[in-house]
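In: predicted model and sequence follow; I will ask about them next.
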Amino acid sequence: MKWHKLLVLTTLVGILNPLTGCKAVPEAVKDPNWTSQASNAISDTSTTIVLADISNYPSENIERLQPLADYLAAQLKDCGINMGEVKVARDLETMSGWLSSGQVDLYLESPYPATIAIDRSGAKPILRRWKGGAPEYHALFFARADRGFTSLTDLAGKKIAFDEPVSTSGYLLPLAYSIEKNLNPVEKKYLREPVLKNEVGYIFSGDDENVIQWVLKGWVAAGVLDNLNFKEIPPQIRAQLKVLARTEAVPRQLVLVREDLDPKLVSAIKTILIDMDKTPEGRDLLQKLEKTTKFDEFPEGTEAVLARMRELYELVQRGGKAEEAEEVGKTGQQEDKRDKGDKI
């Protein structure tokens, strides 16, 4: 996150190429209507492992994932893999289609978009990724300390700033929490749109930085931010904020594989990823992969994690937001925004 803007404000109130020779990363796609970009043409899907991501910046994401792809390729020769590719989709709808049709083997994503992809494609979660060194994260509701709020019940008749409807920590977790606490959350399209006394309005700011600025400026009564980004706020700004509530924690990211991927290949991929932090080469690669610490099994078990994520997902659906989940499938770019500047 770019905190210099907030400091100013407060002063005013990657592909698996063949191991014998990797090709250069392609230039960024110029056409704004593009739907995908790949690092290489696949010659034989039976001997190719395909990693995928969602982004508006395909060449950058290919470059970011390429070291991991190369590492996997070097380890999977005994499984008949001798070539690979990174595919970058523009949206979650495309990604789900790729997983369903077998065009993609491996996909790393935060829990909410991952749950949607699982629901639509049958993909399976196999591991947890410690992205940014964190095994899990949660959402924080916060307000300006001078507003005198002590709990979320004080926000009746007021607005909360969320991030985007594709975000795990900036939408799914806080909305589900609000529903479970009987706050009667109702989406508002405009900052000046009225909020009834028996409801709490929420409005999308489109960015983590916007959430904080809107709270500091008094445009909304409170905001939501994940705990990892909240810790990054400069102390002089954070001192002006008061945490009102926190949601449950969920895995920072899930590693998904397509539903019909060979079980032997899945097992080999799991072993390779889990063992990465045990060697200097693996640790160096992980550090370059957005400071990933390691990959590991879900402590509570895969089924338990998936069951709870589905409960949260369905809770939001029952809360009258089914149309928003459909829109998530058409956008699905929150994590790309995090990757660019630090998915919400």
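Out: Looks like it came in fine. Numbers count the residues shown, from 1 in each chain.
In: average model confidence for stretch 158-174?
Out: Mean pLDDT, stretch 158-174: 95.
In: use 40 as the first number from now on
Out: Taking 40 as the first residue, the last one we looked at is stretch 197-213.
In: and the end-to-end length of that stretch?
Out: Taking CA to CA, to the nearest Å, the first and last residues of stretch 197-213 lie 15 Å apart.
In: for it, buried residues please.
Out: Neighbour counts over stretch 197-213 (16 or more other CB atoms under 10 Å) mark 197-213 as buried. (Each C-beta comes from the backbone N, C-alpha and C, glycine too.)
In: repeat for stretch 127-147
Out: 127-139, 142-147.
In: helices and strands around the host helix or strand of residue 99, which ones?
Out: In this assignment (DSSP states H and E), residue 99 forms part of helix 97-114. Contacts defined by 3 or more CB pairs under 8 Å, 6 or more residues apart in numbering; DSSP states H and E place helix 97-114 against strand 75-77, strand 87-93, strand 122-128, helix 302-314, helix 319-327, helix 373-380.
In: just the buried residues of stretch 127-147: which are in strands?
Out: 127, 128, 145, 146, 147 (DSSP state E).
In: how far away is the first one from residue 252?
Out: Between residue 127 and residue 252 the distance, using CB to CB, to the nearest Å, works out to 30 Å.
In: quick one, helices of the stretch 90-239 of the chain?
Out: All helices of the stretch 90-239 of the chain, identified by DSSP state H, counting those that start in this stretch, fall at 97-114, 131-140, 150-160, 212-219.
In: ok, now the stretch 240-383 of the chain?
Out: Under DSSP H, counting those that start in this stretch, the stretch 240-383 of the chain gives helices at 247-256, 266-271, 274-277, 302-314, 319-327, 341-355, 361-369, 373-380.
In: turn the ones you listed into TSV, including mean neighbour count and distance to residue 119.
Out: Output for the helices of the stretch 240-383 of the chain, formatted as TSV (neighbours: other CB atoms under 10 Å; distance: least, CB to CB, whole Å):
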stretch	mean neighbour count	distance to residue 119
helix 247-256	21	43
helix 266-271	17	39
helix 274-277	12	52
helix 302-314	16	8
helix 319-327	14	22
helix 341-355	16	26
helix 361-369	15	33
helix 373-380	20	31
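In: could you export those to a markdown table, including columns for distance to residue 101 and mean pLDDT?
Out: A markdown table is the format used below for the helices of the stretch 240-383 of the chain (distance: least, CB to CB, whole Å; pLDDT from 0 to 100):
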| stretch | distance to residue 101 | mean pLDDT |
| --- | --- | --- |
| helix 247-256 | 25 | 96 |
| helix 266-271 | 25 | 96 |
| helix 274-277 | 35 | 96 |
| helix 302-314 | 19 | 96 |
| helix 319-327 | 14 | 94 |
| helix 341-355 | 28 | 93 |
| helix 361-369 | 23 | 50 |
| helix 373-380 | 12 | 41 |
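In: now these in TSV, with distance to residue 223?
Out: Compiled in TSV, those are given as follows (distance: least, CB to CB, whole Å):
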stretch	distance to residue 223
helix 247-256	21
helix 266-271	25
helix 274-277	29
helix 302-314	42
helix 319-327	43
helix 341-355	14
helix 361-369	17
helix 373-380	25
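In: nearest to residue 112, of these?
Out: Closest of these to residue 112 is helix 302-314, at 10.2 Å (criterion: CB to CB).
In: run through who's touching the closest one.
Out: 88, 110-111, 114-115, 117-118, 120, 144-145, 163, 165-166, 294, 296, 321, 333-336 (CB atoms under 8 Å, 6 or more residues apart in numbering).
In: let's see it at 7 Å
Out: For helix 302-314, contacts defined as CB atoms under 7 Å, 6 or more residues apart in numbering pick out 111, 114, 115, 118, 145, 165, 166, 294, 296, 321, 334, 335.
In: what about the residue lying closest to the last one once chain neighbours are set aside, how many residues nearby?
Out: With CB to CB, 6 or more residues apart in numbering as the criterion, residue 335 has its nearest non-adjacent residue at 5.6 Å, and that residue is residue 167. Residue neighbour count, defined by other CB atoms under 10 Å, stands at 23 for residue 167.
In: and residue 167, what does it touch?
Out: 174, 290, 293, 334, 335, 337.
In: among the residues you listed, which one has the most neighbours?
Out: Ranked by the number of neighbours (other CB under 10 Å), the contacts of residue 167 place residue 293 first, at 28 neighbours.
In: touching, that residue and residue 153? I think so.
Out: Yes. Counting by CB atoms under 7 Å, residue 293 sits close enough to residue 153 to count as a contact (4.4 Å).
In: thinking again about what came up before, just the ones of the buried residues of stretch 197-213 in strands?
Out: 198, 199, 200, 201.
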